[in-house]
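Asker: Prediction below, plus the sequence it came from.
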Amino acid sequence: MARSGGSLGAYAVSRLVLTLPMVLILLTMVFLLMRVAPGDPVQSAVGGRLPPDQIAEIRANAGLDEPLVVQYFDYLGDVATLDFGETITDNRQVTDVIVESGGATLTLSLAALLVAVGLGLPLGLLAGRYRDTALDASLRIFGILTYAAPVFFVGLLAQLLFGSILGWLPTSGEADPVTFVPEVTHILLIDALLAGDLEAFQDVLLHLILPAVTLGLLLTGVFLRLTRVNVMQALQGDYIEAARARGIGERSVVIRHAFRNALVPVITVMGLQVALLLSGATLTEITFDWPGLGSELFAYLNERDYIAVQGLITVFALVVVVASIVIDLVTAMIDPRVRY
């Protein structure tokens with residue numbers, strides 16, 4: 001009898017169906033956490049600066065005068081239509097905040113991921129290949145330190161060394177204040193290229209190096225340790241012994257056979273690290289004055305603008321869910337066994 005299931009389409013549908021309850025639980029947690037926060041959100045944000053009638057109007061516009069159950073279902077309906085509300089302090093649509101500042105966070109996150117993958121995978125391969133040697137011990141210590149060191153502390157040290165002492169790299173902002181390019185995609189690197197302004201592109205790239213490396217080091221230790229473990233397990237497989245028995249060179253055995261098979265669980269974990277990447281991006285943006293969603297979230301937290309905070313946290317949660325789905329589908333494409 002033929003075995004049912006196994007197609008990528010069926011797996012994708014089942015994965016999406018299973019995601020719906022998880023999304024509902026995430027949204028419910030965000031909603032409840034914001035509602036149990038002490039104080040009235042409108043009073044906290046604008047109390048003492050506006051008369052009571054205007055405060056009541058803001059509460060009504062935000063739907064905060066409705067019963068909690070009504071607020072909950074209104075919130076779910078708004079999220080379903082990608083309406084994340086309007087900020088209390090500056091009357092901006094949260095969607096506009098995401099569009100205007102999301103490009104900076106996306107740039108930083110992708111650059112940090114490239115740093116983490118570019119360092120973590122080859123170093124993990126070396127540690128797994130030369131296990132229980134001085135090189136392996138040194139790399140494991142490096143991985144532990146990069147993962148355990150607070151990202152803001154590493155950022156401050158990088159600013160001090162490469163900015164203040166050596167003067168090699170800029171230490172704050174996404175670009176020099178005098179750098180201007182027309183905003184098309186809200187991703188400054190791409191906008192600079194579209195404008196044909198190579199000087200601005202270089203300026204943005206230089207500003208990106210320190211925050212990207214600082215955030216990338218946070219994930220480097222994760223990828224290094226995971227790659228090391230999986231390479232060691234792969235090198236103990238029967239197919240590795242068979243490849244060596246056929247006279248295949250050791251370099252080819254390690255890279256083409258062991259390393260390739262070790263990448264499948266690493267790719268899976270990449271999706272799980274998106275939450276760590278976003279939380280690290282928030283601290284990195286604050287440390288380097290990077291104008292992304294993390295800086296916006298920090299500013300709205302200081303203003304106690306809970307509507308803006310709720311909208312931004314909801315977006316972060318949805319990004320984590322979408323990234324998890326994408327990684328699962330990529331893993332299923334690489335390893336068909338996942339589909340069963």
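Answerer: Okay, I see it.

Asker: From now on I want contacts and neighbour counts done on CA atoms only, so please keep to that.
Answerer: Noted.

Asker: Which elements pack onto the lengthiest helix in the chain?
Answerer: With DSSP state H setting the assignment, residue counts place helix 198-235 as the longest helix in the chain. Contact here means 3 or more C-alpha pairs under 8 Å, 6 or more residues apart in numbering; DSSP states H and E; on that basis helix 198-235 packs against helix 94-129, helix 134-148, helix 151-158, helix 188-194, helix 260-272, helix 274-287.

Asker: following the last one, which helix or strand comes up?
Answerer: In other words, helix 274-287. Moving toward the C-terminus from helix 274-287, the next helix or strand (DSSP states H and E) is helix 293-302.

Asker: Name the residues of the longest helix of the chain that come out as buried.
Answerer: Applying a neighbour-count criterion of 16 or more other C-alpha atoms under 10 Å, one finds 200-201, 203-204, 206-232, 234-235 buried in helix 198-235.

Asker: Kindly calculate the angle that that helix makes with helix 134-148.
Answerer: Between the axes of helix 198-235 and helix 134-148, defined by axes from the mean of the first three to the mean of the last three C-alpha atoms, to 10 degrees, the angle is 120 degrees.

Asker: orientation of helix 198-235 relative to helix 151-158 in degrees?
Answerer: Using the same axes, to 10 degrees, helix 198-235 lies at 120 degrees relative to helix 151-158.

Asker: Average pLDDT for helix 198-235, rounded please.
Answerer: Per-residue pLDDT values over helix 198-235 give a mean of 87.

Asker: That helix: how far from the chain's middle?
Answerer: Centroid separation for helix 198-235 versus its chain: 13 Å, with C-alpha atoms, centre = their mean, to the nearest Å.

Asker: Quick check: what element follows that helix along the chain?
Answerer: Next along the chain after helix 198-235, taking DSSP H and E as the criterion, comes helix 238-245.

Asker: what does that following helix rub up against?
Answerer: Residues from elsewhere that reach helix 238-245 (C-alpha atoms under 8 Å, 6 or more residues apart in numbering): Ala234, Glu250, Val253, His257, Ala258.

Asker: Same check on stretch 168-175?
Answerer: Contact with stretch 168-175 is made by 104, 159, 162-163, 200, 203-204, 206-210, 288-291, as judged by C-alpha under 8 Å, 6+ apart.

Asker: List the buried residues in that stretch.
Answerer: Within stretch 168-175, the residues that qualify as buried are Leu169, Pro170, Thr171, Ser172, Gly173, Glu174, Ala175, counting by 16+ other C-alpha under 10 Å.

Asker: With stretch 300-307 instead?
Answerer: Going by neighbour count (16+ other C-alpha under 10 Å), the buried part of stretch 300-307 is Tyr300, Glu303, Arg304, Asp305, Tyr306, Ile307.
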